[in-house]
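Novice: Sequence first, predicted model second:
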Amino acid sequence: MEELQIKGLKELDARLKKLPDVVQRRILGAATAAAARVVQKSAKSQAPAKTGRLKKNIVVRTKRTRTGTVSRVTLRTKGKGTDPKNAYYGRFVEFGTKKQAARPFLRPAFDSNVNQAIQTMRKKIAQRLEAEARKL
């Protein structure tokens, strides 16, 4: 595993903790969503494209929890099998089946973009902190 160095996170964290909880959650939610979009873009470029449905249905989902905000890259699987907003078969492509070899696109997108996603998150936090400082 390669070494990861991110400068300025301690300072950003200290500045973030000075803000009200609701503002902290809003800033961190924006940052995690921005990081997830980096992975989403890569996954879309790596996904096999026969009809384009799979790529269109690689989405970022953001959810607020009691402890913070979580963003993840996932496949939209709503609707019936023929619905264009359904890529249920993406899991078969990613992991393979008895009759089909795996052609992963989500995991490699994450693995190859961890550093960029973290840097994007750091930049988004810094931008939002600066915006909050201008409001004061």
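Specialist: Arrived safely.
Novice: in stretch 107-125, what's buried?
Specialist: Within stretch 107-125, the residues scored as buried using 16 or more other Cβ atoms under 10 Å are 109-110, 113, 117-118, 120-122, 124-125. Where C-beta positions appear, they are placed from N, C-alpha and C, glycine not excepted.
Novice: swap in stretch 83-103?
Specialist: For stretch 83-103, burial by neighbour count (16+ other Cβ under 10 Å) applies to 86-87, 90, 93-94.
Novice: Pipe those into CSV and attach pLDDT per row.
Specialist: Output for these, formatted as CSV (pLDDT from 0 to 100):
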residue, pLDDT
86, 80
87, 84
90, 89
93, 92
94, 93
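Novice: Need the residues you listed in TSV (columns: distance to residue 66 and secondary structure).
Specialist: Compiled in TSV, the buried residues of stretch 83-103 are given as follows (distance: Cβ to Cβ, whole Å; DSSP: H, G, I helix; E, B strand; the rest coil):
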residue	distance to residue 66	secondary structure
86	31	strand
87	30	coil
90	30	helix
93	34	helix
94	30	helix
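Novice: Which other helices and strands does the lowest-mean-pLDDT helix or strand in the chain contact?
Specialist: Sorted by mean pLDDT, DSSP states H and E, the helices and strands of the chain end with helix 9-17, the least confident at a mean of 78. Under the contact definition 3 or more Cβ pairs under 8 Å, 6 or more residues apart in numbering; DSSP states H and E, helix 9-17 sits against helix 21-46, helix 106-135.
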